[in-house]
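Colleague: What would the 3D arrangement of this be:
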Amino acid sequence: MIQLRSQSPEDGYGFDFLGKPEAPTPFTRSQDAMSAIRFLLPTEFLDAHGPESMRKLALDLATNLPFSSGHAGLAFDGEFDVVGVAPEVRALCFRYPGLDLLSLNHVSWDIGLRVRGPAWLTFLGQPALAGLGGVSALREQLRAPGTTAEALPGDRAVITLGPWPEAGDTLLGDALPSYRELARVLEPWLFREQHPYIEVLSEDELLRWERRFLD
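Modeller: The predicted structure follows:
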């Protein structure tokens, strides 16, 4: 495995790349291991440049990178499992369902061709896009106001849930209905984490969090 990491705690920008061999090796713990990449931007970037700039940046990256799936939206910082942070994440992750909770290292070993989501931007490649019926089928099923499904080069697509990424707030009754609608459509292809984030969530809590848009 090749691992590259660059992160600036001072300004919130970061980059992670986890490369995997093309064929399974004795060191590969799963045939579903996939190379994965993550770009971290601070919320100040969104505030300063607006959501259209954020979306354009994500689309530019997606156009130039091979992918089977991907997503972009609000998230807890990738270092959520450091000492002192986990209790705060546990307290907030169920209240704000639009905030993603991702351990890239865990997920990249097992995700295979499945999809994590939903998110503000959900990128679908093959075979998931074909398995869901293609862009036209997605447009028929996704009726929430502001939701769009757009074809991308290379027989891929991006689904956008409204003009801004949203965190939601279950205490205020905002359970993000457009995210719930997309989750139901994606359900046959959704990834199920096999390795709970012990520092943050128990196995039962992780399953409840993963199904927060379905149950």
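
Colleague: now the helices: where do they sit in the chain?
Modeller: 43-64, 86-93, 104-110, 128-131, 134-141, 177-186, 203-210 (DSSP state H).

Colleague: Let me have the ones you listed in a markdown table, extended by distance to residue 14, mean pLDDT and mean neighbour count.
Modeller: C-betas here are computed from N, CA, C, even on glycine. Converted to a markdown table, these look like this (distance: least, C-beta to C-beta, whole Å; pLDDT from 0 to 100; neighbours: other C-beta atoms under 10 Å):
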| stretch | distance to residue 14 | mean pLDDT | mean neighbour count |
| --- | --- | --- | --- |
| helix 43-64 | 12 | 94 | 14 |
| helix 86-93 | 17 | 83 | 15 |
| helix 104-110 | 11 | 85 | 18 |
| helix 128-131 | 27 | 98 | 18 |
| helix 134-141 | 31 | 98 | 15 |
| helix 177-186 | 24 | 98 | 20 |
| helix 203-210 | 23 | 88 | 15 |
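
Colleague: where does the spatially closest residue to residue 105 that is not a sequence neighbour sit relative to residue 68, distance-wise?
Modeller: Once its chain neighbours are removed from consideration, residue 105 has its nearest residue in residue 18; the separation is 6.4 Å (C-beta to C-beta, 6 or more residues apart in numbering). When C-beta to C-beta, to the nearest Å is applied, the distance between residue 18 and residue 68 equals 15 Å.

Colleague: Residue 200 too?
Modeller: Taking C-beta to C-beta as the measure, residue 200 falls 26 Å from residue 68.

Colleague: Between those two, which has more neighbouring residues?
Modeller: Set residue 200 next to residue 68 and count neighbours by other C-beta atoms under 10 Å: residue 200 wins out with 21 against 18.

Colleague: Chain neighbours aside, what residue packs nearest to the more buried one?
Modeller: residue 86 (4.6 Å).

Colleague: related to what we said a few turns ago, export the helices of the chain as JSON lines, with columns for distance to residue 120.
Modeller: Supplementary listing: the helices of the chain in JSON lines, determined by distance: least, C-beta to C-beta, whole Å:
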{"stretch": "helix 43-64", "distance to residue 120": "8"}
{"stretch": "helix 86-93", "distance to residue 120": "17"}
{"stretch": "helix 104-110", "distance to residue 120": "18"}
{"stretch": "helix 128-131", "distance to residue 120": "18"}
{"stretch": "helix 134-141", "distance to residue 120": "16"}
{"stretch": "helix 177-186", "distance to residue 120": "9"}
{"stretch": "helix 203-210", "distance to residue 120": "18"}
